[in-house]
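Trainee: coordinates only, sequence not included:
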Ligand code: NAP
């Protein structure tokens, strides 16, 4: 965006880091530096926390309709600037422009959804069993929140947290990923323009995540952490939250099974696979990580998927006609290369891709591996790249057992034309979400989240706002 802010956003003002530090933001398609943004340190984090704490009481008293209308205005402003937002996101994150536009619409939708929820915060009440006492239930904002987001959906991971927090009447400190701070800073500018009072949202990009966040979580004034990122970091943050009993929502890693039964419509299954694998170049927590295909159709499925994957155009996301942009950085690509090398060493056959191209940028080609050994590392590691690993299975019990044989449980995909089997298998999968004959589950109106080590709590849907509210029960005896 022409006037994208590059400073910290604290108490409604744009400011430099107290120690003057900056951090570089790279373009993953060239490896070159796009710009520098202010790099928050512990002192800036304290100031951001103070601004959020100061604003909390008055913000909690704001009329729900006023909060709703701020979100609605921000929704409209984001959509008006779709193209600018998409270009910004593509430049810092790499995804193709068409996908970036899709993310802008998806991200904005969280604001529209929660603008509608802000005025529907319910309470309750009733007569207690003794017939004498009454109870009145009201719902109150949990208080100042720390929001930590990853780089893979730079805008939507922010709006999915900020939307319900604003609707509920919470103030916030947002720490975006250091690779993609620009989308969050631009979003803060939009919310200011939409009328969000000073201090309600504070944004502190930093290269020193631990130094900035730990004092806030251990300080006793932040009442809620909403985190999206890896399970390893989530675990560490849960431990930091234990000290002051900070409420948490954790959207963590996945290891999605993608199951194709022998009675599946293979065209539908391949379409689903393209979405579940290739959305965001495979850099999604919902990405299909393990393809289990019934032995009778495994070869045909792999052949069709390889044809579709091989036809995708790889290049800088900003260029027209590109389907697959670069991975986030050199480290992200190196991880994919290692996982593919390990699988190939154990006998996997690449039908397409599998070789890193020369030249600048962290590109990796769409890759289909068949005959993958179940002991391969990519079976138990999020690939986070455009690599489909296919294994054959023989019967339903076996595939359910293999699909569930992982510490993660975010999402699973099931392809079958049989209703009985569809319901039976979906209910047996240990996951928070199932895509039934579809490769896309994300929707602001649906509760997004996982079980097991994929997280705690849900974002989006009717329940998304609950994560930012507490019940207060008022006991009223009637004499
Ligand atoms: P990550 O390494 O866990 O980082 C996520 C965020 O946490 C970043 O902002 C990161 O900043 C920050 N962070 C890291 N260490 C921290 C610490 N000690 N204290 C405070 N903050 C800290 O994950 P990622 O590689 O960016 O993102 C990919 C992961 O996110 C995958 O596992 C993916 O499945 C998951 N994800 C889950 C969902 C979901 O909804 N379930 C959605 C999207 C992504 P730094 O980079 O500076 O460390």
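Mentor: Thanks, I have the structure now. Owing to the predicted nature of the structure, the values given are computational and were not obtained by experimental measurement.
Trainee: Get me the contact residues on the stretch 301-450 of the chain for the ligand.
Mentor: Neighbours of the ligand within the stretch 301-450 of the chain, by C-beta under 6 Å from any ligand atom: 382, 410, 450. Every C-beta, even on glycine, is put in place using the N, C-alpha and C of the backbone.
Trainee: In terms of pLDDT, where does the second one sit?
Mentor: With respect to pLDDT, residue 410 scores 98.
Trainee: Which helix in this structure has the most residues?
Mentor: helix 97-118 (DSSP state H).
Trainee: Please name every helix or strand in contact with that one.
Mentor: Other elements packing on helix 97-118 under the criterion 3 or more C-beta pairs under 8 Å, 6 or more residues apart in numbering; DSSP states H and E are helix 64-80, helix 82-93, helix 156-168.
Trainee: Would you mind finding the most buried of those?
Mentor: helix 156-168 (a mean of 29; mean count of other C-beta atoms under 10 Å).
Trainee: Give me the distance from that helix to the chain's centre.
Mentor: 12 Å (C-alpha atoms, centre = their mean, to the nearest Å).
Trainee: That one to helix 82-93, inter-axis angle?
Mentor: Using axes from the mean of the first three to the mean of the last three C-alpha atoms, to 10 degrees, the direction of helix 156-168 lies 120 degrees away from that of helix 82-93.
Trainee: Whichever helix or strand comes after helix 156-168 packs against which elements?
Mentor: As assigned by DSSP states H and E, the chain's next helix or strand after helix 156-168 is strand 172-175. In terms of contact count using 3+ C-beta pairs under 8 Å, 6+ apart, strand 172-175 is assigned the packing partners helix 42-61, strand 145-148, helix 156-168, strand 201-203, helix 209-219.
Trainee: Let's see that with 10 Å instead.
Mentor: helix 42-61, strand 145-148, helix 156-168, helix 181-193, strand 201-203, helix 209-219, strand 224-228 (3 or more C-beta pairs under 10 Å, 6 or more residues apart in numbering; DSSP states H and E).
Trainee: could you redo those as JSON lines and give each row distance to residue 363 and mean pLDDT?
Mentor: Output for these, formatted as JSON lines (distance: least, C-beta to C-beta, whole Å; pLDDT from 0 to 100):
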{"stretch": "helix 42-61", "distance to residue 363": "35", "mean pLDDT": "98"}
{"stretch": "strand 145-148", "distance to residue 363": "28", "mean pLDDT": "99"}
{"stretch": "helix 156-168", "distance to residue 363": "23", "mean pLDDT": "98"}
{"stretch": "helix 181-193", "distance to residue 363": "21", "mean pLDDT": "98"}
{"stretch": "strand 201-203", "distance to residue 363": "30", "mean pLDDT": "99"}
{"stretch": "helix 209-219", "distance to residue 363": "27", "mean pLDDT": "98"}
{"stretch": "strand 224-228", "distance to residue 363": "25", "mean pLDDT": "98"}
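Trainee: Distance to residue 368 for these - can I get that in CSV?
Mentor: Formatted as CSV, these follow (distance: least, C-beta to C-beta, whole Å):
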stretch, distance to residue 368
helix 42-61, 44
strand 145-148, 34
helix 156-168, 28
helix 181-193, 31
strand 201-203, 40
helix 209-219, 35
strand 224-228, 29
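Trainee: need the next SSE after the longest helix of the chain, C-terminal direction.
Mentor: That would be, after helix 97-118 and using DSSP H and E, strand 124-127.
Trainee: ok, now how distant is the residue nearest the centre of the chain from residue 442?
Mentor: Centroid-nearest residue in the chain, with C-alpha atoms, centre = their mean: residue 157, separated by 4.7 Å. Per C-beta to C-beta, to the nearest Å, residue 157 is found 11 Å from residue 442.
Trainee: what touches both of these two?
Mentor: residue 285 (C-beta atoms under 10 Å, 6 or more residues apart in numbering).
Trainee: of all the helices and strands packed on strand 172-175, which lies closest to residue 119?
Mentor: Each of the helices and strands packed on strand 172-175 was scored for nearness to residue 119 using C-beta to C-beta, and the closest is helix 156-168 (8.6 Å).
Trainee: angle of the closest one against helix 181-193?
Mentor: Using the same axes, to 10 degrees: helix 156-168 against helix 181-193 is 30 degrees.
Trainee: Nearest approach to the ligand belongs to which of the helices and strands packed on helix 97-118?
Mentor: Smallest distance to the ligand across the helices and strands packed on helix 97-118 (C-beta to the nearest ligand atom): 5.9 Å, for helix 156-168.
Trainee: domains in this protein, as residue ranges please.
Mentor: Per automatic domain parsing, the structural domains of the chain span 8-252+454-476, 256-443.
Trainee: Helices of the stretch 301-450 of the chain, start to end?
Mentor: 330-345, 396-404, 419-428 (DSSP state H, counting those that start in this stretch).
Trainee: now the shortest one: how far from the chain's centre is it?
Mentor: For helix 396-404, the separation from the chain centroid amounts to 27 Å (computed by C-alpha atoms, centre = their mean).
Trainee: and if you look at stretch 269-288?
Mentor: On C-alpha atoms, centre = their mean, the centre of stretch 269-288 falls 14 Å from the chain's centre.
Trainee: just the residues of the stretch 101-250 of the chain that are near the ligand, which are they?
Mentor: Counting by C-beta under 6 Å from any ligand atom, the stretch 101-250 of the chain sits next to the ligand at 148-152, 157, 175, 177-178, 209-210, 213, 228-230, 233, 236-237.
Trainee: need the helices of the stretch 301-450 of the chain in TSV with mean pLDDT and mean neighbour count, can you?
Mentor: Formatted as TSV, the helices of the stretch 301-450 of the chain follow (pLDDT from 0 to 100; neighbours: other C-beta atoms under 10 Å):
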stretch	mean pLDDT	mean neighbour count
helix 330-345	98	17
helix 396-404	98	17
helix 419-428	98	14
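Trainee: and of these, who's closest to residue 244?
Mentor: Proximity to residue 244 (C-beta to C-beta) singles out helix 330-345 among these, at 32.8 Å.
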